[in-house]
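Asker: Got a sequence here, can you build the structure:
(one chain, ligands or ions: 1)
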Amino acid sequence: MMNRIFTSIRASQNIAGSPRRACKDCGQPATKDALFDVGNGIAVVERYCDQCAKVIENNSNNRSSV
Ligand SMILES: [Zn+2]
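Answerer: The predicted structure follows:
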């Protein structure tokens, strides 16, 4: 299992005609893309709603102080 490092949150881009993505955590319509660095120059994007994106951001900030 690879270690994911949170990188940043960006606004999810709405492409006309594409299906609406659901938040990975709660299933609401996703409005944010969360970027994670999994090493070897590989980045993964996961979709989250506003609230869950904030939680991820906060958790990441807390963890960096350990
Ligand atoms: Zn959510």
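Asker: mind checking the SS state of the residue lying closest to C26 once chain neighbours are set aside?
Answerer: Closest residue to C26 in three dimensions, ignoring its sequence neighbours and counting by C-beta to C-beta, 6 or more residues apart in numbering: C52, at 5.9 Å. C-beta: built from backbone N, CA, C; applies to glycine. On the three-state scheme (DSSP: H, G, I helix; E, B strand; the rest coil), C52 is labelled helix.
Asker: ok, now how distant is C52 from I5?
Answerer: C52 is 18 Å from I5, where distance means C-beta to C-beta, to the nearest Å.
Asker: How about L35?
Answerer: Per C-beta to C-beta, L35 is found 10 Å from I5.
Asker: for G39, same thing?
Answerer: Spatial separation of G39 from I5 under the definition C-beta to C-beta is 8 Å.
Asker: more crowded one of the two?
Answerer: The neighbour count for G39 versus I5, taken as other C-beta atoms under 10 Å, is higher for I5 (14 against 10).
Asker: Quick check: the more buried one touching F36?
Answerer: Yes - with the criterion set as C-beta atoms under 8 Å, I5 and F36 qualify as a contacting pair; they are 6.4 Å apart.
Asker: So the most far-flung residue of the chain relative to its centre versus A43, what's the distance?
Answerer: Relative to the centre of the chain, and counting by C-alpha atoms, centre = their mean, the farthest-placed residue is G17 at 22.1 Å. The gap separating G17 from A43 is 25 Å, by C-beta to C-beta.
Asker: coming back round to it: so how many other residues sit close to the residue nearest to C26?
Answerer: The local packing count at C52 equals 21, with neighbours defined by other C-beta under 10 Å.
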